[in-house]
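**Q** Turn this into a structure:
(one chain, ligands or ions: 1)
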Amino acid sequence: MGIPHFLCLPLPIQGHVNPLMQFSLLLAKHGCKVTFVHTEFSHKRANTAGGDNMEEAKVEMVTLPDGLDPQDDRSDVAKLLVSMKSTMPALLPKLIQDINASDVENKITCIIVTINMGWALEVGNKMGIKGALLCPASATSLASAACIPNLIEDGIIDSQGLPTKNQEIQLSSNMPMMDTAYLPWRGFNKIFFEHLMQEMQTLKLGEWWLCNTTYDLEPAAFSISPKFLPIGPLMENSNRSSFWEEDRACLEWLDEQPPHSVVYVSFGSLAVMDPNQFKELALALDLLQRPFIWVVRASNDKKENVNTYPHDFHGSKGKIVGWAPQKKILNHPSLACFISHCGWNSTLEGICAGVPFLCWPCTTDQFLNKSYICDVWKIGVGLEKNESGIVSRGEIKKKVDQLLVDEDIKGRSLKLKEMTINNIQEGGQSSKNLNFFMDWAK
Ligand SMILES: O=c1ccn([C@@H]2O[C@H](COP(=O)(O)OP(=O)(O)O[C@H]3O[C@H](CO)[C@@H](O)[C@H](O)[C@H]3O)[C@@H](O)[C@H]2O)c(=O)[nH]1
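**A** Predicted coordinates for the structure are as follows:
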């Protein structure tokens, strides 16, 4: 029997490409062969933004077209998905045959996808290749999606995924109570929700649903399905997966700041902020009178609002960057706290850095992640909107000041970091699960 050879296909958005690339690097580090499938568009984008590193050289890169024209808007994920699903399934078998023909000793033994790429598991299944999902969101989010048919049957949500009333539910008897307003498909339209239901069926072709999490973080979520296998936290460094060029100069600036002084503000790769809210946040950062790093991404799409700073904004205490080396910033001794939209990757990265959170969820699973951060792990506080639907500068100042003197939250953040990272040390649970998975995939 040869070594396992994984073919990895992420949905081409940053929050999916990052964890699957990190998982690919981890598998390669353990001696597996890994071929990573970017769309042609993402490959070009990631190569333009990032550079090579030795570890990543072990992961073979190949591409497939996504079916859209180069100039088409890919921030419309629904449109991208439709195009990919009508183009890529017909091209994948040939790609697999070519890869296998180039190394007959080490043919592809397993396909790994992120959510929305289940079609590749169907292709693999027809060709007799095993499959697995790597879930880029929390195990609780995945467990909720797996429970959709029951939630509909029990009248908790309607056929479009909308809660029939606001209430607290438990997905299983040992799981924390969950507000139905926080179900992770919050904000999905009818078509996207139907797609999710269909996708959950397709993903059953995956023998394992690998989760970038640990048993300790979400102990009860794993009881929902025997397919769940936590292998996180993924902590490999990858500069090949970034879609934007990282501003590394801010690390030198960080070196010059006092310990535990800097507020880091980032809303991930997709969120678009309302122009008034953007201005209010800018003025809040002035009001804080503390050093800060604020990620203001160039827009994904020409139709998005171009952010304008208020005329009375100074920003003199901080750095505004287009794209940050986020993990390095979070782990820097000058960092004090993380104002985050609570995307799952950012949540885990903050946990692994032991950094307290100020939670500002915007959509989908981020509300659920926020409730874990604030109510379950108690390592952060939430920012509340006022009656005009704005998080005011006064609220931001009050909560930052409150968070930074809260020794209990600080203590819990450091403890959670240690407990989480222990999972990937030798003999840790995630590390054992990874070994089990690699054996299975041979
Ligand atoms: O300046 C930046 C900002 C972000 N990142 C990285 O980009 C990733 C962002 O991922 P995440 O925090 O999960 O946010 P999104 O990009 O918004 O991710 C989408 O995908 C996630 C996983 O499914 C979901 O949890 C989110 O709600 C969804 O918006 C993380 O690895 C960050 O380290 C950087 O490297 N530099």
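**Q** near the ligand, which residues of the stretch 1-150 of the chain?
**A** Q14, G15, N18, P136, A137 (Cβ under 6 Å from any ligand atom). All C-beta atoms are positioned from the backbone trio N, CA, C, and that covers glycine.
**Q** Quick one: residues contacting the first one.
**A** Applying Cβ atoms under 8 Å, 6 or more residues apart in numbering, we find Q14 in contact with S241, S242, F243, G268, S269, L270.
**Q** likewise the fourth one?
**A** P136 is in contact with P10, G15, H16, N18, P19, L20, T114, I115, N212, W344, N345, counting by Cβ under 8 Å, 6+ apart.
**Q** Specify which member of these is nearest to the ligand.
**A** G15 (2.4 Å; Cβ to the nearest ligand atom).
**Q** where's the closest one, which helix or strand?
**A** Secondary structure from DSSP states H and E places G15 in helix 14-29.
**Q** In the stretch 301-442 of the chain, what residue lies closest to the ligand?
**A** G343 (2.4 Å).
**Q** I'd say that residue and N212 touch.
**A** No: using Cβ atoms under 8 Å, G343 is not in contact with N212; the gap is 11.7 Å.
**Q** Apart from its chain neighbours, what residue comes closest to T214?
**A** N423 (4.4 Å; Cβ to Cβ, 6 or more residues apart in numbering).
**Q** Give me the contact status of stretch 259-269 with the ligand.
**A** Yes: Stretch 259-269 lies within reach of the ligand by Cβ under 6 Å from any ligand atom, at S266, G268, S269.
**Q** Quick one: buried ones out of those?
**A** S266, G268, S269 (16 or more other Cβ atoms under 10 Å).
**Q** thought P233 was touching S138?
**A** No: using Cβ under 8 Å, P233 makes no contact with S138, being 11.6 Å away.
**Q** Now for the two: what residues contact both?
**A** Common neighbours of P233 and S138, counting by Cβ under 8 Å, 6+ apart, are T213.
**Q** Spell out which parts of the stretch 301-442 of the chain neighbour the ligand.
**A** Residues of the stretch 301-442 of the chain lying near the ligand (Cβ under 6 Å from any ligand atom): W323, A324, Q326, K327, G343, W344, N345, S346, E349, T364, D365, Q366.
**Q** So the last one is in contact with N345, correct?
**A** To tie it back to what came earlier, the one meant is Q366. No: using Cβ under 8 Å, Q366 makes no contact with N345, being 11.3 Å away.
**Q** These two: who's more crowded?
**A** Higher neighbour count among Q366 and N345: Q366, with 28 against 22, using other Cβ atoms under 10 Å.
**Q** Just the local confidence number for the nearest residue to that one once chain neighbours are set aside, please.
**A** Counting by Cβ to Cβ, 6+ apart, C342 is the residue found nearest to Q366 once chain neighbours are left out, at 4.3 Å. On the pLDDT scale, C342 is placed at 98.
**Q** Got phi/psi on C342?
**A** phi 70, psi 30 (degrees, to the nearest 10).
**Q** swap in Q97?
**A** phi -60, psi -40.
**Q** For it, give its distance to E384.
**A** 55 Å (Cβ to Cβ, to the nearest Å).
**Q** what about the strands in the stretch 201-350 of the chain?
**A** Using DSSP state E, counting those that start in this stretch, the strands of the stretch 201-350 of the chain run over residues 208-211, 228-230, 262-266, 292-295, 318-321, 335-340.
**Q** Tell me the pLDDT of P310.
**A** The model's pLDDT for P310 equals 96.
**Q** correct me, but it touches N276?
**A** No: with contact defined as Cβ under 8 Å, P310 does not reach N276; the gap is 9.8 Å.
**Q** So what's the residue count around L203?
**A** Other residues near L203 come to 23 when the count uses other Cβ under 10 Å.
**Q** Please pull out the lowest mean pLDDT helix or strand from this structure.
**A** Across the helices and strands of the chain, mean pLDDT, DSSP states H and E gives its lowest value to helix 54-57, namely a mean of 60.
**Q** Follow the chain on from that one and name the next helix or strand.
**A** strand 59-64.
**Q** Send me that following strand as PDB with only the CA atoms.
**A** Provided in PDB are the C-alpha atoms of strand 59-64 (Å, rounded to 0.1, in the frame of the first residue of the first chain):
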ATOM      1  CA  VAL A  59       1.700  20.700  -2.000                       C
ATOM      2  CA  GLU A  60       1.200  20.400  -5.800                       C
ATOM      3  CA  MET A  61      -1.000  23.100  -7.300                       C
ATOM      4  CA  VAL A  62      -3.300  22.400 -10.200                       C
ATOM      5  CA  THR A  63      -6.200  24.500 -11.600                       C
ATOM      6  CA  LEU A  64      -9.600  24.200 -13.200                       C
END
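**Q** Could you list the residues of the stretch 151-300 of the chain in contact with the ligand?
**A** So the stretch 151-300 of the chain meets the ligand at S242, S266, G268, S269, L270, V295 (Cβ under 6 Å from any ligand atom).
**Q** gap between the closest residue to the ligand within the stretch 151-300 of the chain and Q425?
**A** The ligand sits closest to G268 of the stretch 151-300 of the chain, with a gap of 2.9 Å, by Cβ to the nearest ligand atom. Distance, G268 to Q425, by Cβ to Cβ: 28 Å.
**Q** Same check on Q257?
**A** To Q425, Q257 is 30 Å away according to Cβ to Cβ.
**Q** Quick check on the two: which one has the bigger neighbour count.
**A** Taking neighbours as other Cβ under 10 Å, Q257 and Q425 compare with Q257 leading, 21 against 10.
**Q** so who does the more buried one touch?
**A** P291, S334.
**Q** cool, and E246?
**A** A49, G50, N239, W323, A324, P325.
**Q** mind running it again at 6 Å?
**A** W323, P325 (Cβ atoms under 6 Å, 6 or more residues apart in numbering).
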